[in-house]
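>>> One predicted model, sequence on top.
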Amino acid sequence: MEKINITIFAGGTGNQELLGVLNKISWINVNIVTNCYDDGKSTGRLRHLIRGMLGPSDIRKNISNLLNQNNYENRILKKILEFRLPDNSFNKFYNDFINKKGEINQILNILPKKKSLILENYIYIFLKLFSKVNKIEKDISLGNIILSGIFIKTKNFNLACKIFNYIFLNQEQVHNVTDGQNLFLIALREDGKITYEEGDLVCETGNRIKEIFLINKKFSTKEKILLNKMNFSQKLKILSKKQIIPKINKKLNLILKKSDIIIYGPGTQHSSLYPSYMTKNIYDYIKNSKAVKFFIGNIYYDYDIINQNIEDLIKNFFYYASCKKKIPVDKAKLVNYYFINNFDKEDINNSNKQNYVKLVKNLNNKNFKFLDWEKKEGVHYPGLLLKQLINLSKKKYFINKLSNYFFTVSIIIPCLNENKTILKTLQKINNLNLDKYNLTKEIIVVDGGSHDGSIEKIKKFKFCKFFISDKPGKGEAIKTGIKKARGDIIAFFPADEEYDTEDLEKAINQILNKNPIVYGNRNVKMVNLSKNIRKIYNNNKIEYLISKYGGMVLSIMCLIFFNRYISDSLTSIKVFKSNILKKLNLISKGFDIELEITSKILKSQNPILEIPVNYRPRSKKNGKKITFIDGINCILVILKNLFSKKI
């Protein structure tokens with residue numbers, strides 16, 4: 001099978017969502033390049049105990065993220081990697097392990113015998129060496145213990161990482177960027193303060209970081225006292241003198257050369273990313289690759305980039321990629337495209353606008369791609385990101401393959417004076433679990449001019465995006481929702497509790513089964529249509545007749561004019577492949593948008609699948625809004641689209 005090769009420069013968690021998508025696609029081959037200078041908390045304790053070893057955490061985290069959780073054995077392996085010793089429990093863990101007792105032994109026994117014995121051996125190597133140590137840092141992960149055990153045996157960090165990869169992934173996919181030299185990361189801030197521990201870089205607030213350094217030995221307490229008495233220039237001079245630029249892991253030459261896409265991922269820049277770029281020969285390896293190269297900017301500020309902007313991140317990227325201007329770099333050979341998040345300022349429910357990394361200049365450069373990538377606070381939509389990457393790689397074969405994948409469903413909920421039902425509707429939609437379909441959910445509520453308290457209630461639900469349409473009407477709300485939707489699938493669902501979310505899920509599933517458009521048909525399950533219509537219109541004979549036969553008229557018109565009989569064109573459950581819906585030039589302002597969408601879809605020769613759905617009609621007294629005029633407009637919009645050349 002032909003595969004596309006993607007290499008990502010990453011930290012431990014910044015690309016977790018993207019990796020979760022990539023590892024489920026068989027024709028994508030992923031390599032992760034990370035640095036291993038982590039020395040915070042339990043990892044720092046391990047590096048102190050095991051002299052000469054780099055930090056194992058980011059190797060472990062990336063391997064854990066690459067384990068496809070659709071596989072049972074992989075779920076067990078992930079449990080092992082992420083298993084953590086409770087506080088002050090090292091001695092108990094040691095005794096339980098030696099005596100074949102405890103939770104971890106039960107988990108290991110589930111694995112094939114050969115793999116279980118390999119893992120037990122490396123755990124035992126570690127435990128045997130440190131069984132008499134009084135204190136092992138609390139909250140240590142078993143994955144780090146295993147990698148440490150491999151290093152203790154091999155005395156070679158990169159070899160240990162290779163063995164670790166093969167145990168958990170059956171291939172080598174996560175690579176340390178350097179040759180394995182044991183170095184420590186420190187930083188000098190603009191106010192002259194030195195951050196001596198890598199762990200403090202990611203959680204310590206303070207002045208902007210001026211520069212980072214890699215040194216081969218940590219400063220002693222005495223040296224720190226002397227340094228702290230110096231001024232900024234003196235500190236910079238001392239640290240620059242101690243700076244070491246490490247040699248590169250030579251395996252990366254072939255990996256980068258074979259890459260079709262190279263991603264400089266988002267993450268904690270000064271600890272996870274900049275130190276990786278500050279490696280000998282890395283520029284030469286990358287510039288010789290024919291891959292399309294992407295710089296992906298952070299969405300939110302991290303502690304290490306407070307008061308910095310996107311331009312600062314890009315400038316620093318090139319500074320460290322040039323090994324602090326020691327080598328000249330051609331920027332065009334390092335980056336082809338810059339992905340910059342452009343958050344939606346109109347989203348009323350977004351209360352984090354102050355947290356976004358800003359772009360200072362208004363850039364119109366074609367190499368800068370702006371889109372609202374955010375899935376949730378500071379996290380990218382992985383499917384949206386992947387489709388952009390593949391499309392810009394210009395690999396037509398893979399672009400076509402990816403077009404058959406669905407990653408995100410955007411659920412549009414138009415609302416007008418639904419104070420009584422909107423809360424329950426949003427709760428039900430939020431609880432709708434689409435994980436089994438590997439779908440991410442985007443909820444978009446668009447209000448068309450409510451004045452009954454609906455707006456105040458929607459504002460309380462921060463899990464949804466919320467917009468207020470400039471113009472009143474269901475059509476305007478639907479058009480706003482379509483414009484804002486970022487999903488591969490777009491679904492309509494009402495705010496009035498007349499429909500079940502279980503039926504929405506069934507309709508979405510039909511899209512996954514290669515049906516491009518799905519309508520929820522109310523008529524199939526409605527045993528007594530006349531009775532229900534009388535209930536809606538409180539036995540008003542004129543409205544009863546118009547409603548009962550008006551729907552039939554619309555269906556017959558669709559059959560006559562477009563050669564397709566659509567039984568329930570006014571249903572509020574409609575689901576579409578996004579690219580079909582977004583191509584429609586919609587102009588209707590009210591309920592007639594339902595027939596405009598239907599007629600334009602029929603005219604474009606796209607099939608519509610109707611599936612039965614449950615329906616609990618409410619009366620006009622309880623908020624039913626459709627009127628006789630809406631019915632006339634629906635008829636007119638069919639005629640208008642029949643003779644229009646536009647779709």
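The structure has been received and is ready for your questions.
>>> Show me what the closest residue in space to residue 282 that isn't next to it in sequence is bridged to.
Distance criterion CB to CB, 6 or more residues apart in numbering; nearest residue to residue 282, sequence neighbours excluded, is residue 248 at 5.6 Å. The C-beta positions use only the backbone N, C-alpha and C, and glycine is treated the same way. Note on residue 248: beta-bridge partners by DSSP bridges are residue 178.
>>> separation between residue 248 and residue 575?
For residue 248, the distance to residue 575 equals 49 Å [CB to CB, to the nearest Å].
>>> So between those two, which is more surrounded?
Remark: of residue 248 and residue 575, residue 575 carries more neighbours, 28 against 19, as counted by other CB atoms under 10 Å.
>>> So that one is in contact with residue 509, correct?
No: using CB atoms under 8 Å, residue 575 and residue 509 do not qualify as a contacting pair, with a distance of 9.4 Å.
>>> shared neighbours of those two, anything?
Counting by CB atoms under 8 Å, 6 or more residues apart in numbering, residue 575 and residue 509 have no shared contacts at all.
>>> before we move on, back to that, could you double-check that the residue nearest to residue 282 lies in contact with residue 285?
Yes: with contact defined as CB under 8 Å, residue 248 and residue 285 form a contacting pair (6.8 Å).
>>> Quick one: name whatever helix or strand follows the strand or helix carrying residue 48.
Using DSSP states H and E, residue 48 falls within helix 41-49. Later in the chain than helix 41-49, the nearest helix or strand by DSSP H and E is helix 57-66.
>>> Need the residues that contact the helix or strand hosting residue 7.
Secondary structure from DSSP H and E places residue 7 in strand 4-9. When contacts are defined by CB under 8 Å, 6+ apart, strand 4-9 is touched by residues 15, 18-19, 22, 27-34, 177, 255-256, 258-265, 273, 276-277, 291, 389-390, 393, 395, 398.
>>> which ones are touching residue 252?
For residue 252, the contacting residues are 33, 175, 177, 282, 285, by CB under 8 Å, 6+ apart.
>>> For residue 588, state which of those residues is nearest.
Proximity of the contacts of residue 252 to residue 588 (CB to CB) peaks at residue 33, which lies at 51.1 Å.
>>> and the helix or strand hosting the closest one, which strands flank it?
Secondary structure from DSSP H and E places residue 33 in strand 28-34. Looking at strand 28-34 with DSSP bridges, its partner strands are strand 4-9 (parallel), strand 174-176 (parallel).
>>> how distant is the first one from the center of its chain?
Same thing as strand 4-9. What separates the centre of strand 4-9 from the centre of its chain is 17 Å, taken as CA atoms, centre = their mean, to the nearest Å.
>>> Please name the nearest non-neighbouring residue to residue 69.
Using CB to CB, 6+ apart, the closest residue to residue 69 is residue 75 (5.6 Å).
>>> swap in residue 461?
Closest residue to residue 461 apart from its sequence neighbours, by CB to CB, 6+ apart: residue 426 at 5.0 Å.
>>> Quick one: neighbours of the one you found, just the number.
22.
>>> Next, it: secondary structure please.
At residue 426 the chain is in helix, as set by DSSP: H, G, I helix; E, B strand; the rest coil.
>>> Next, work out how far apart it and residue 466 are.
10 Å.
>>> Can you check which residues contact both of the two?
445, 458.
>>> can you pull the contacts of residue 563?
Residue 563 neighbours (CB under 8 Å, 6+ apart): residue 602.
>>> Let me know the pLDDT of it.
Per-residue confidence at residue 563 stands at 84 (pLDDT).
>>> Neighbour count added to the contacts of residue 252, as CSV?
Listed next are the contacts of residue 252 as CSV, based on neighbours: other CB atoms under 10 Å:
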residue, neighbour count
33, 26
175, 21
177, 20
282, 27
285, 18
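>>> Using a markdown table, lay out those together with distance to residue 67 and pLDDT.
Output for the contacts of residue 252, formatted as a markdown table (distance: CB to CB, whole Å; pLDDT from 0 to 100):
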| residue | distance to residue 67 | pLDDT |
| --- | --- | --- |
| 33 | 18 | 98 |
| 175 | 17 | 98 |
| 177 | 22 | 98 |
| 282 | 27 | 96 |
| 285 | 28 | 96 |
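>>> From those, pick the one nearest residue 325.
The closest of the contacts of residue 252, once distances to residue 325 are taken by CB to CB, is residue 282, at 14.7 Å.
>>> ok, that closest one touching residue 250?
No: with contact defined as CB under 8 Å, residue 282 does not reach residue 250; the gap is 11.4 Å.
>>> Going along the chain, name the helices of the stretch 151-300 of the chain.
For the stretch 151-300 of the chain, helices defined by DSSP state H, counting those that start in this stretch occupy the ranges 157-169, 198-201, 221-228, 232-242, 251-258, 274-277, 282-287.
>>> Point out the most buried one among the ones you listed.
helix 274-277 (a mean of 24; mean count of other CB atoms under 10 Å).
>>> Identify all contacting residues around it.
Residues contacting helix 274-277 (CB under 8 Å, 6+ apart): 9, 33-35, 37, 177, 185, 212, 214, 264, 282, 316-317, 320-321.
>>> would you put the C-alpha positions of it in PDB?
Taking C-alpha atoms only, helix 274-277 is exported to PDB below (Å, rounded to 0.1, in the frame of the first residue of the first chain):
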ATOM      1  CA  TYR A 274      13.100  25.400  20.200                       C
ATOM      2  CA  PRO A 275      15.700  23.100  21.800                       C
ATOM      3  CA  SER A 276      15.000  20.500  19.100                       C
ATOM      4  CA  TYR A 277      15.800  22.900  16.300                       C
END
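>>> any weak-confidence spans in the protein?
Applying pLDDT under 70 to the chain flags residues 87-88, 132-138, 362-364, 525-550, 618-628, 630-631, 645.
>>> what domains does the record give for it?
38-173, 184-242, 252-375, 410-643 (automatic domain parsing).
>>> and the ones you listed as TSV, adding distance to residue 1?
Compiled in TSV, the domains of the chain are given as follows (distance: least, CB to CB, whole Å):
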stretch	distance to residue 1
domain 38-173	15
domain 184-242	39
domain 252-375	15
domain 410-643	20
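>>> For residue 385, which of those domains is the nearest?
domain 252-375 (6.0 Å).
>>> Quick one: end-to-end distance for the closest one.
32 Å (CA to CA, to the nearest Å).
>>> For residue 193, the count of nearby residues, please.
Quick note: residue 193 (other CB under 10 Å) scores 17 neighbours.
>>> typed the wrong thing, it's residue 405
Neighbours of residue 405 (other CB under 10 Å): 16.
>>> so what's the backbone phi/psi at it?
phi -100, psi 140 (degrees, to the nearest 10).
>>> Just say which of the strands paired with strand 28-34 is most tucked in.
It is strand 174-176: most buried of these by mean count of other CB under 10 Å, with a mean of 24.
>>> chain center to it: distance?
22 Å.
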